[in-house]
Every structure is written in C-alpha cells, then in structure tokens.
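> Give me a 3D structure for the following:
(one chain, ligands or ions: 1)
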Amino acid sequence: MPLPTRAGLDAVPAYRQGRSAPAGASKLSSNESPHPPLPSVVEAVQQRLSSIHRYPDMSAAALRERLAERYDVDPAVVTVGAGSVELASQLIHAVAGEGDEVMFAWRSFEAYPSLVRIAGATPVAVPLNSDHAHDLDAMLAAITPRTRLIFVCNPNNPTGTVVGAAELEAFVAAVPRDVLVVIDEAYVHFDRTESYGAGVELFHRHPHVAVLHTFSKAYGLAGLRIGYALAPVEIAENQRKVAVPFGVTDLAQTAALASLDAEGELAVRIDEVVVQRDRLHSLLVTAGWPAVASQANFVWVPAGDRTDELELLLREGGVITRAFPGEGVRISAGSAEDIDRVQSALSTQTAPQEARA
Ligand SMILES: *Cc1c(COP(=O)(O)O)cnc(C)c1O
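Numbers count the residues shown, from 1 in each chain. Modelled structure (predicted):
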C-alpha cells in the first residue's frame, strides 16, 4: 500500500533556497545583509537565552505595541510571523481556499505560487512589463469574481523595480473592496524613490490593503525568522487562526525590538548597501550586461540564454548568485569587498559584450 499523499501536491514545487557558498566565497544568492548582527542585538538575544525553556509570548505583545505606536495604528492590526513569508502564507489562508484565485506578477517572489497552491487556491501570474516592472493595468484586467488577494511586491524580487506611489494608489483604488491587496515591502528600506513608505500610507487610506515588512533583509535578522504585517482587523483576526502556534520565538521578538532601538546604526548600513547596489549595477552595465536599475538590495540581470555564462563567470570569481535558468541572474548587493570580487570576475570576460535589451 502506498503512503497517503494529498491530491494536487505534485503541482507544488518545493522552495529553492539560494545556493550556499563554499568557504571564502561571496554569498550573493539570498539578499541577506552582508553585515554581521549589531553587538547590541547580539547582547539582547544573549540575555534571553536562559529563558528558552519557556514558550514565547504568542501574541508578541511588546513588539506589536511598539510597531503600532510607530505606525499610529491599533495593535490589533499588527501581526507577526516567522519571517514575512509566513505572513504571506497566513494572509492567503485567511482569505482564499479551493476555487479562489490569488494574483501576483511574474516573475516575482518565488514563494507566492507554492503558498497559493498549498492553500488549495489557484495562482494567477500576470507577466511583468517590458521594463521588468508590475503591469498594473494587466493585473486589473485579470481580476475575476474569484480573485481574493493580489500581491504587489514593491520593490519587486527579483527585478528590483518599483511601482510609483501614485500609480500604486490608483491601482488600489480600482481594485474591488472585497479583494485584499497585499503590498510586500521586504525591500522597502533600500528604496530611494518616492514610493518609499507607500505601503503603510495606503494601509491608512484604504480598507482593503495589507503591508508586509521583514527584519530579514535590511535589519539583518534572516536567521532568526521574524516579520510583521499590518492588515485590516478582521483579516488580522483570521491570520491568528491560521498561524502555527508559537511560530515566532522569544529570541526573534527580542532581536526585533533591539533592532528597532538601533535604527540609526542600521540606517548607516542600509546606505552602504545602497551604494554597493548602485555600484554593482554600473559595473554590470559597463561590462555589457543588461542589468536593470534596482531599488532593492540586489540587481537583476535578464541575461536570457546567457544566464549560465554569467552565473559561471561570477562563480569562478568566487561569487555565488541566484540564477533562474534561461531568464537571468539575481546578484545581492554585498559588502564593498563582495562587489570588488564581482568587478574582478567581470574583468576576466574574454571580450566586451553587446548590451541586450
Ligand atoms: C525575502 C522576502 C520575503 C520574506 O523573507 P522572510 O525572511 O520570510 O521575512 C518576503 N517577500 C519577499 C519578496 C522577499 O524577497
């Protein structure tokens, strides 16, 4: 007798983690912070280690109150999760099931299609436009009576493009009130355009908007797994029902609070990453690669059939990237030393290459 399997699971791809890096190589495959944790954050976590025989505060009250104050919202609309990927999953489970549709742009965050399928709902992927950005008109046109949730990843992973604040607001206003628009701002801290902060603004102004933020990228806590959402209160209540109990550890909550205390220091680090991102982009363009200008902590190179070539060139130079076969390579903005390595790897190219659109 075969072991039981759930119908439909064959269609769900397992999440693929960014390649691990051999010792000494630059790991630019997972959009992590290149900086080690702040000493103050390490110290706060160390002080809590003696309590790990206790369950965490499942309601994450201290952190939620802190965030509520910061965004001038009721703590009831703030939810925390084991990374914002868990919150994306909670939101889908909170609003969509069998026969419902969940929309996102494509290519966008790799986890969306699987999370939608796992919830039993149907993913609807709307192609990015020729600028590698969200095609909001096409997304509006793709709404059906079964649409329950729409993700807008802003800045978009893996392309680094942003939707402007006004454009995003016009989109939100045109989406029916019974469809939840989830603005995934995992990379918002690196955005130097006027769309910075648009998600929270829209949450305040529209009843059918949720925003996702994470401590993994700009705040450097990827290994501890913590993110938060602002969502309409009824949705937040349902998120708590579908959440796996005790998913967010006390250490993660402690580190998140300590990071909020150290935002000045973190801002300096974020600025450094932005400098390296822009440097990475111009190095690639100068070397003839069709790199897309980015507002995130990575750069997308839609290299098409030369994807393997670029991935290999960088790997041989000690730089591990995220390649999407036949489509392109995503390179995280690491430290200055990491990007020095990219520079030397690119300089070993045999001949200058023609840029492709
Ligand atoms: C990295 C990422 C997340 C969440 O990461 P967590 O570590 O789960 O917080 C969410 N959305 C996008 C688009 C991401 O790239």
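> Spell out which parts of the protein neighbour the ligand.
Within reach of the ligand by CB under 6 Å from any ligand atom, the chain has these residues: 31, 83-85, 109, 153, 157, 184, 186, 214, 216-217, 222, 227. Any C-beta I mention is one placed from the backbone N, CA and C, and that applies to glycine too.
> Out of those residues, grab the one that's most surrounded.
Highest neighbour count within these, by other CB atoms under 10 Å: Asp184, with 31 neighbours.
> For that one, give me phi and psi.
In terms of degrees, to the nearest 10, the main-chain angles of Asp184 are phi -90, psi 100.
> So it is in contact with Phe109, correct?
Yes - under the criterion of CB atoms under 8 Å, Asp184 makes contact with Phe109 at 6.6 Å.
> Please, which helix or strand holds Val80?
Per DSSP states H and E, Val80 falls inside strand 78-81.
> go on, Arg70?
Assigning secondary structure by DSSP H and E places Arg70 in helix 61-71.
> Specify the local secondary structure of Arg330.
When classified by DSSP: H, G, I helix; E, B strand; the rest coil, Arg330 comes out as strand.
> give the contact list for the residue of the chain found nearest the ligand.
Relative to the ligand, the nearest point of the chain is Gly83 (2.3 Å; CB to the nearest ligand atom). Shown in contact with Gly83 (CB atoms under 8 Å, 6 or more residues apart in numbering): Thr214, Ser216, Ala222, Arg225, Ile226, Gly227.
> How about Gln343?
Leu283.
> between Asp184 and Phe109, what contacts are shared?
Each of Ala88, Phe151, Cys153 lies in contact with both Asp184 and Phe109 under the rule CB under 8 Å, 6+ apart.
> could you say which helix or strand contains the first one?
Just to be clear, that refers to Ala88. Taking DSSP H and E as the definition, one finds Ala88 inside helix 84-95.
> Out of the contacts of Gly83, which sit inside strands?
Using DSSP state E, Thr214, Gly227 are the members of the contacts of Gly83 that sit in strands.
> thinking again about what came up before, in JSON lines, list the shared contacts of Asp184 and Phe109 along with distance to Ala262 and pLDDT.
JSON lines is the format used below for those (distance: CB to CB, whole Å; pLDDT from 0 to 100):
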{"residue": "Ala88", "distance to Ala262": "26", "pLDDT": "98"}
{"residue": "Phe151", "distance to Ala262": "30", "pLDDT": "99"}
{"residue": "Cys153", "distance to Ala262": "27", "pLDDT": "98"}
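> Now render those residues as TSV, adding distance to Gly247.
Output for the shared contacts of Asp184 and Phe109, formatted as TSV (distance: CB to CB, whole Å):
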residue	distance to Gly247
Ala88	13
Phe151	21
Cys153	22
